[in-house]
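Trainee: Show me the folded form of this:
(chains A and B)
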2 protein chains.
Amino acid sequence: MKWNELAQEPCSIARSVAVIGDRWTLLILRDCFLGIRRFEAFQARLGISRTIVADRLKLLVEEGVLRRAPYQDSPARHEYRLTEKGLDLHPVVMAIVHWGDRHYSGEAGPPLLHRHKACGHDFHPVQACSACGEAVEARAVETRAGPGAVSPSAAG
Amino acid sequence: MKWNELAQEPCSIARSVAVIGDRWTLLILRDCFLGIRRFEAFQARLGISRTIVADRLKLLVEEGVLRRAPYQDSPARHEYRLTEKGLDLHPVVMAIVHWGDRHYSGEAGPPLLHRHKACGHDFHPVQACSACGEAVEARAVETRAGPGAVSPSAAG
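Mentor: Residues are numbered from 1 along each chain as shown, chains lettered A, B, ... in the order given. Below is the predicted model of the structure:
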């Protein structure tokens, strides 16, 4: 399969990774959730080339994950804000952060703490079931072909 | 920043994406959670070169996400199984799948359905708070530097 065919695959994760399955894109999204909005800030924090930052932001805007919003008139300047579709990526980013905290933060502990404003406590994300509300572990999940499956072997 | 310096960054997501922030790696992990274990099966499902599959599996084994387990003696053959650290990636993969189901599955509906064996219902993952158990939205989270932060600007 060629990379640019991935987005056509009948698989929700293939379509998703065609948009967000890139190291720099994931780091840009992390920064978006930390309140970073301006091109120069993304670039300075990641320390990568303007081209890489511009390419990633362009795709995220095209896909409706970010939107460009003017913040200055002359000269015209734009910043990048998460759309509702972008905000829906919060569980993805938090799940990756939590996995990193668990397996890579070492003795120093996690570099960032997250507080749930509704209850006031520091927390980590737990994967819960939309039907019963209980925590869901990998071994408790059964998968079968859904309505959008093309064939059993292509399902994923 | 050079890509190979990412794993040294004091940021749990930077360390994580140094391992899993790759489109093919995410698709291989998706397949692992669907029960795929053999090299030829990964390659056939993804339709990519043996080199790409071998590189990704090698990194995942080195990082302790997968382990090689023999399934045949002569000739010796190995399969790839998720370790506990790998199983901890289930919320990451499920969150990506759910985002894809929501934004890319279109009229046909999701290609895969997931059933929570404990309650018997089809479900999607909900990000819940480890402290209070309630669902957590992006806007309800406040972030601050934790013990592993190097400096406020480097924290992430």
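Trainee: Show me the shaky parts of chain A.
Mentor: Within chain A, the set of residues satisfying pLDDT under 70 comprises A:1-10, A:150-156.
Trainee: mind redoing it with 90?
Mentor: Flagging of chain A using pLDDT under 90 yields the residue ranges A:1-15, A:73-74, A:105-111, A:145-156.
Trainee: what's around residue A:66, how many residues?
Mentor: The local packing of residue A:66 (other C-beta atoms under 10 Å in any protein chain shown) involves 24 other residues. In this view, the C-beta of every residue, glycine as well, is placed from N, C-alpha and C.
Trainee: Can you give me the neighbour number for residue A:119?
Mentor: Look at residue A:119: counted by other C-beta under 10 Å, it has 15 neighbours.
Trainee: now swap in the one 10 residues further on and tell me
Mentor: By other C-beta under 10 Å, 23 other residues sit near residue A:129.
Trainee: swap in residue A:46?
Mentor: By the measure other C-beta under 10 Å, the count of residues near residue A:46 is 23.
Trainee: how close does it get to residue B:120?
Mentor: Remark: distance between residue A:46 and residue B:120 (C-beta to C-beta, to the nearest Å) = 45 Å.
Trainee: Same question for residue A:140.
Mentor: Separation of residue A:140 from residue B:120 (C-beta to C-beta) stands at 11 Å.
Trainee: So which of the two has more stuff around it?
Mentor: residue A:140 (15 against 11).
Trainee: tell me what the lengthiest helix in chain A is packed against?
Mentor: As assigned by DSSP state H, the longest helix anywhere in chain A is helix A:90-104. If contacts are counted by 3 or more C-beta pairs under 8 Å, 6 or more residues apart in numbering or on different chains; DSSP states H and E, helix A:90-104 sits against helix A:23-33, strand A:112-116, strand A:125-129, helix B:12-20, helix B:90-104, strand B:125-129.
Trainee: any chance of the ones you listed in JSON lines, with distance to residue A:15 too?
Mentor: Formatted as JSON lines, the helices and strands packed on helix A:90-104 follow (distance: least, C-beta to C-beta, whole Å):
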{"stretch": "helix A:23-33", "distance to residue A:15": "14"}
{"stretch": "strand A:112-116", "distance to residue A:15": "28"}
{"stretch": "strand A:125-129", "distance to residue A:15": "21"}
{"stretch": "helix B:12-20", "distance to residue A:15": "18"}
{"stretch": "helix B:90-104", "distance to residue A:15": "4"}
{"stretch": "strand B:125-129", "distance to residue A:15": "17"}
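Trainee: highest average neighbour count across the ones you listed?
Mentor: Most buried of the helices and strands packed on helix A:90-104, by mean neighbour count (mean count of other C-beta atoms under 10 Å in any protein chain shown): helix B:12-20, with a mean of 25.
Trainee: how far out from the middle of the chain is it?
Mentor: 11 Å (C-alpha atoms, centre = their mean, to the nearest Å).
Trainee: Report the angle between it and helix B:90-104.
Mentor: Comparing the axes of helix B:12-20 and helix B:90-104 via axes from the mean of the first three to the mean of the last three C-alpha atoms, to 10 degrees yields an angle of 90 degrees.
Trainee: now the angle between helix B:23-33 and helix B:12-20, please.
Mentor: If you take the same axes, to 10 degrees, helix B:12-20 sits at 80 degrees to helix B:23-33.
Trainee: Contacts for helix B:12-20, please.
Mentor: Applying C-beta atoms under 8 Å, 6 or more residues apart in numbering or on different chains, the external contacts of helix B:12-20 come out as A:23, A:26-27, A:30, A:93, A:96-101, A:103-105, A:110-112, B:3, B:6-7, B:9, B:25-26, B:29, B:59-60, B:63, B:65, B:89, B:92, B:156.
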